[in-house]
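*Asks:* Below are the sequence and a predicted model; questions follow.
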Amino acid sequence: MDSFETKLYKASAICDGQFKYLDEFSKMYTFSTENVSGYMKHFDFDGKRLLTVGSSGDQVLNSFMNGARDITLFDINPYAKFYVYLKIASIVSLSYNEFINFFFKHTESPFRDNREMFSRNTFNKIKSTLRLFDYESFLFFDELFSLYDGDLIRRRLFDDDEDRCAVIKGFNSYLRDEDSYNKLKSIIKKIYFKYVEGNIFNDKIDGKFDNIFLSNLSGLVKLDEFRNLLERLDRDNLNDNGSILFGYLWDTKFNSDKFKDDWREIYRMPVVREKLGDFISEHHGVNGYRDILWEEDRKSDLVLIYRKK
């Protein structure tokens, strides 16, 4: 794991166009591409411990809004902690519209970039609060904004795959409307999360948890390797009566038997039911991005959940 100074050096080098420092995990997602608010209702957060991945921080923020108070963010992205604290400080410092204008790539037309995105003037409103929450996060972004235009930081350090404004709001309960945002704003100063940088497939995880969110990790590896991860988490890290959200699948129906040979294994549902069937305690449909855009309740996406009895 790199030191803070090395992380800042590499981030600056990437902004300078030295892409030899850019690996597949270096780019952050500005917002989750999953309907996080759509699966929150299937979990109990009151007095529970949560382990989650997700460099956008949306799993942390939505879970906190739903009552989680003991949260561990375990992620391979070296800059995830800095970005989550940037979001938290922004919620404290900015109005709802200011937050949207600072973070959203598109606010009006999906074909025209938002000119206020990562504005240096807006960052100046945030940075004193960011310094109070986490000094390293403040140093990281203060250095970058002093050296580079915000648009360049956004393009070089963040994934370009960002959903439309309506979809991001639909996927995140804290962004649904101004009242929801202000509800989170009123309590977020109490937020605390532990950040652990590492590879969840290889690194030991300390502690026991009631809920574990694995996002779309099931699509990154073969199912046999993913099953090994589930067995280890179940044995070493999941409390009795705990839950693991181990699959988020886009445009997928659980009972579908159709697939192509070049599809990732997690999308071949007959294979999933065979190899991971004993871990599938529940499956639920949630609205995907097309459902939200077209205001349809088709529940095109699928979540797979394991309950430990």
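*Replies:* Looks like it arrived, so ask away.

*Asks:* All the strands of this structure, residue numbers only.
*Replies:* All strands of the chain, identified by DSSP state E, fall at 49-52, 70-75, 193-197, 209-213, 238-249, 282-286, 301-307.

*Asks:* Quick check: can you name the pairing partners of the fifth one and their directions?
*Replies:* Yep, that's strand 238-249 we're talking about. Under the criterion DSSP bridges, strand 238-249 sits next to strand 209-213 (parallel), strand 301-307 (antiparallel) in its sheet.

*Asks:* Contacts for that strand, please.
*Replies:* 34, 39, 42-43, 49, 208-219, 226, 230, 233-234, 266-267, 272, 276, 279, 301-309 (CB atoms under 8 Å, 6 or more residues apart in numbering). Where C-beta positions appear, they are placed from N, C-alpha and C, glycine not excepted.

*Asks:* among those, which ones are buried?
*Replies:* Among the contacts of strand 238-249, those classed as buried by 16 or more other CB atoms under 10 Å are 34, 39, 43, 49, 209-219, 226, 230, 233-234, 266-267, 272, 276, 279, 301-306, 308.

*Asks:* Next, the distance between the ends of stretch 103-115.
*Replies:* With CA to CA, to the nearest Å as the measure, stretch 103-115 spans 11 Å from end to end.

*Asks:* Kindly report the same for stretch 287-298.
*Replies:* Termini of stretch 287-298 sit 6 Å apart (CA to CA).

*Asks:* So what's the gap between that stretch and the chain middle?
*Replies:* 20 Å (CA atoms, centre = their mean, to the nearest Å).

*Asks:* Go through it and flag the buried ones.
*Replies:* 287-289, 291-292.

*Asks:* Tell me the one of the residues you listed nearest residue 30?
*Replies:* Residue 30 has its nearest neighbour among the buried residues of stretch 287-298 in residue 289, at 14.8 Å by CB to CB.

*Asks:* any idea how far the closest one lies from residue 213?
*Replies:* 19 Å (CB to CB, to the nearest Å).

*Asks:* Show the low-confidence segments of the chain, by residue range.
*Replies:* Scanning the chain for pLDDT under 70 picks out 108-111.

*Asks:* can I see the domain layout of the chain?
*Replies:* Here the domain parsing of the chain from automatic domain parsing is 4-16+28-194, 214-307.

*Asks:* got the end-to-end distance for the first one?
*Replies:* Taking CA to CA as the measure, domain 4-16+28-194 stretches 17 Å from start to finish.

*Asks:* and if you look at the last one?
*Replies:* Using CA to CA, the span of domain 214-307 from its first residue to its last is 14 Å.

*Asks:* go on, stretch 186-203?
*Replies:* First-to-last distance for stretch 186-203 - CA to CA - comes to 36 Å.

*Asks:* what comes up buried for stretch 35-47?
*Replies:* Within stretch 35-47, the residues scored as buried using 16+ other CB under 10 Å are 35-40, 43, 45.

*Asks:* what does that stretch contact?
*Replies:* Contacts for stretch 35-47 (CB under 8 Å, 6+ apart): 58-59, 62-63, 66-69, 170-173, 176, 210-211, 243, 245, 248, 282, 284, 286-289, 292, 301, 303, 305.

*Asks:* burial count for residue 127?
*Replies:* 18 (other CB atoms under 10 Å).

*Asks:* what about it, distance to residue 188?
*Replies:* 17 Å.

*Asks:* can you count the residues close to the closest residue to residue 265 other than its chain neighbours?
*Replies:* Closest residue to residue 265 in three dimensions, ignoring its sequence neighbours and counting by CB to CB, 6 or more residues apart in numbering: residue 223, at 4.6 Å. Using other CB under 10 Å, residue 223 is surrounded by 18 other residues.

*Asks:* what about residue 223, distance to residue 116?
*Replies:* Applying CB to CB to residue 223 and residue 116 gives a distance of 43 Å.

*Asks:* From the chain's centroid, how far away is stretch 114-129?
*Replies:* On CA atoms, centre = their mean, the centre of stretch 114-129 falls 21 Å from the chain's centre.

*Asks:* Can you show me the helices along the stretch 151-300 of the chain?
*Replies:* 165-171, 178-187, 223-236, 269-275, 289-293 (DSSP state H, counting those that start in this stretch).

*Asks:* Could you export those to TSV, including columns for distance to residue 123?
*Replies:* Below are those laid out as TSV (distance: least, CB to CB, whole Å):
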stretch	distance to residue 123
helix 165-171	20
helix 178-187	18
helix 223-236	37
helix 269-275	43
helix 289-293	28
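
*Asks:* Identify the bridge partners of the closest residue to residue 253 other than its chain neighbours.
*Replies:* Counting by CB to CB, 6+ apart, residue 253 lies nearest to residue 302, which is 6.8 Å off, once chain neighbours are set aside. Residue 302 has these beta-bridge partners by DSSP bridges: residue 249, residue 285.

*Asks:* Fine by me, we can end here.
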